[in-house]
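Trainee: When you get a sec, could you give me coordinates for this:
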Amino acid sequence: MAPYIISFALAVLAWMLVVGDLVRRHRPAWHWYLVGYPVTVCRVLFTWRRVALLNDLSVSRLPARTLIGHLLVKGDPVRPVAPRLSFPRPTRLGLTVVVRLHAGQTPATYMQAADALVHAWKVHAVRVTSPERGLVLLTAIASDPLQYPGLATAPTELLSALIGARETGGAWIMDLRLVPHWLIVGATRSGKSTLLARLITQLAPQPVALVGIDCKGGMELGLFGGRLSALATCRREAVAVLSALVVDMQERMSACRSAGVRSVWELPDTLRPVPVVVIVDEIAELYLSDGTRESRAEAEQCSTLLLRLAQLGAALGMHLVVAGQRVGSDLGSGVTALRAQLGGRICHRVNDPGTAEMTLGDLNKDAVAVAQAITAEERGVAVCTGPEGGWSRARSHLTSTGEAVVITKKYAATTPELPAVALALAVVEGNSE
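Mentor: As a prediction, this is how the structure comes out:
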């Protein structure tokens, strides 16, 4: 009888393992709530005191009576006291814990201990934030949700694009109405071009004019030319396009002033000009100069025109998305001034720490360290800023070049016309001939 019971128990155990693996792969949230969360809670509660002691999160309190006059009296040993920890609360793919700081402690100490908490709790990552004074919120993420990001859904709004998924499990949305200008950096094969393709395919069905500036001869953005209202393939053409857009921006200012409003979004639908999104691929090509007077003049013009669009364009329906492999002050002082106007930041894997610092350093030093830890195998993974002012890791949805070309061709007939920009390009092309 015993062998039958053992065989039955082994069969049940094997079946549970198989079912558990299927649930973990296809329903990760179910697996987390049923198995992962209870196990992780036990790890958190049982390891907290030791982790706090080893990482200088505990404080020592002396016995009540240690001195009598000038004599030191041997009493009970000094006992370290760990900070008070709330009971872990589950999230979709992780948990949160609130810690009450000891007097004199700062959240920086907990940020330094984040790696130790990851190993002790056996989770993918631990993020440290301070929601209010005296408290620290520890957010543990059980596994990397960006390894196999699902296709999230989000409401379709004008100038809003569903880019991918955030590490928290939510949708990664680029909302140009909320954050009007963006800076995207990434080394070769980091996912930057895929992200731009995704953005274009998301904006293609919308009544938005897309203007491309690709000084690499149009190798990247030229693939989507059917849906672009204009495409500049060299710096001379870029100067012409940006100059025409600045003139258009001034006309929009006059329209708003005449109507007594402060932005084009307050104008009636019949009077509102079409929104324009300017996509610049490889910003360094606009700023680098070969030393000649003409080249320096073109670079300075591009710098000035881009800065004017960034400073004044948000209220006038003109938006910038600037991308590049490298962004640094060595390209010129205009780059730093432009960076200050680009509130949205996306940093893929980069080849030099200066680019990560230039992209995220003025926002959060921890984000710089996380961006530099992105490996070559994590294509499409980036550190991005959020509308609430924080940052998170995210991964763009894979949009192949062929798929993007098909989508842009599908909506080519709806491409808005920009007569002034088209005329400026025609003049430059005619002079070149």
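
Trainee: what sits up against stretch 178-190?
Mentor: The contact list for stretch 178-190, computed with C-beta atoms under 8 Å, 6 or more residues apart in numbering, reads 174, 176, 192, 195-196, 310, 313-314, 319-327, 339, 341-351, 355-356, 358-359, 374, 376, 379, 382, 385, 387. Just so you know, the C-beta spots here come from the backbone N, C-alpha and C atoms, and that holds for glycine as well.

Trainee: Equivalent analysis for stretch 252-265, please.
Mentor: Surrounding stretch 252-265, the residues in contact under the criterion C-beta under 8 Å, 6+ apart are Arg177, Glu266, Leu267, Leu271, Arg272, Pro273, Leu312, Ala315, Leu316, Gly317, Met318.

Trainee: That stretch: how far from the chain's middle?
Mentor: A distance of 32 Å separates the C-alpha centroid of stretch 252-265 from that of its chain, computed with C-alpha atoms, centre = their mean, to the nearest Å.

Trainee: Please name the residues that touch the residue nearest the centre of the chain.
Mentor: Ranked by distance to the mean C-alpha position of the chain (C-alpha atoms, centre = their mean), the top residue is Cys384 at 1.4 Å. Under the criterion of C-beta under 8 Å, 6+ apart, the neighbours of Cys384 are Arg166, Trp172, Gly344, Arg345, Ile346, Cys347, Trp391, Ser392, Arg393, Ala394.

Trainee: That one is in what secondary structure piece?
Mentor: Assigned by DSSP states H and E, Cys384 falls within strand 381-385.

Trainee: Repeat that for Ala404.
Mentor: Counting by DSSP H and E, the element that carries Ala404 is helix 401-410.

Trainee: same check, this time on Gly334
Mentor: With elements taken from DSSP H and E, the one containing Gly334 is helix 333-341.

Trainee: What sits closest to Arg49 if chain neighbours are left out?
Mentor: Leaving aside its sequence neighbours, Arg49 sits nearest to Ala82 (C-beta to C-beta, 6 or more residues apart in numbering; 4.7 Å).

Trainee: can you tell me which residues contact the one you found?
Mentor: Under the criterion of C-beta under 8 Å, 6+ apart, the contact list for Ala82 reads Trp48, Arg49, Ala52, Leu53, Leu57, Ser58.

Trainee: Compute the distance between the second one and Ala116, please.
Mentor: Applying C-beta to C-beta, to the nearest Å, one obtains 13 Å for the distance of Arg49 from Ala116.

Trainee: about what we covered before: show me what the residue nearest to the centre of the chain is bridged to.
Mentor: Ile346, Ser392 (DSSP bridges).

Trainee: ok, of the contacts of stretch 252-265, which one's closest to Thr399?
Mentor: Sorting the contacts of stretch 252-265 by how near they are to Thr399, with C-beta to C-beta, puts Arg177 at the top with 22.1 Å.

Trainee: residue ranges with poor pLDDT in the stretch 1-150 of the chain?
Mentor: Under the criterion pLDDT under 70, the flagged ranges of the stretch 1-150 of the chain are 1-28, 61-78, 145-150.

Trainee: Do you have the strands of it handy? List them.
Mentor: Secondary structure of the stretch 1-150 of the chain (DSSP state E, counting those that start in this stretch): strands at 59-61, 67-68, 71-72, 79-81, 84-85, 89-91, 94-100, 125-129, 135-141.

Trainee: cool, and the stretch 151-300 of the chain?
Mentor: Taking DSSP E, counting those that start in this stretch to define them, one finds strands in the stretch 151-300 of the chain at 160-166, 171-175, 181-185, 209-214, 230-232, 276-281.

Trainee: counting contacts, what elements does the shortest one pack onto?
Mentor: To tie it back to what came earlier, the one meant is strand 230-232. In terms of contacts (3 or more C-beta pairs under 8 Å, 6 or more residues apart in numbering; DSSP states H and E), strand 230-232 is packed against strand 209-214, helix 235-259, helix 419-432.

Trainee: As CSV, these with mean neighbour count would be great.
Mentor: Output for the helices and strands packed on strand 230-232, formatted as CSV (neighbours: other C-beta atoms under 10 Å):
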stretch, mean neighbour count
strand 209-214, 26
helix 235-259, 18
helix 419-432, 14
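
Trainee: for these, which one sits closest to Gly334?
Mentor: In this view, the helices and strands packed on strand 230-232 are compared for proximity to Gly334 by C-beta to C-beta, and helix 235-259 is the closest at 12.7 Å.

Trainee: roughly how far is the closest one from the heart of the chain?
Mentor: The mean C-alpha position of helix 235-259 is separated from the chain mean by 29 Å, C-alpha atoms, centre = their mean.

Trainee: start at 2 instead
Mentor: In the new count, where the first residue is 2, that last one comes out as helix 236-260.

Trainee: Average pLDDT for that helix, rounded please.
Mentor: Helix 236-260 carries an average pLDDT of 93.

Trainee: Repeat that for stretch 270-286.
Mentor: Along stretch 270-286, the predicted confidence averages to a pLDDT of 92.

Trainee: How about the contacts made by the nearest residue in space to Leu424 that is not next to it in sequence?
Mentor: Take Leu424 and drop its neighbours on the chain: the residue closest to it by C-beta to C-beta, 6+ apart is Ala245, 7.4 Å away. When the contact criterion is C-beta under 8 Å, 6+ apart, the partners of Ala245 are Leu419, Ala421, Val422, Leu424, Ala425.
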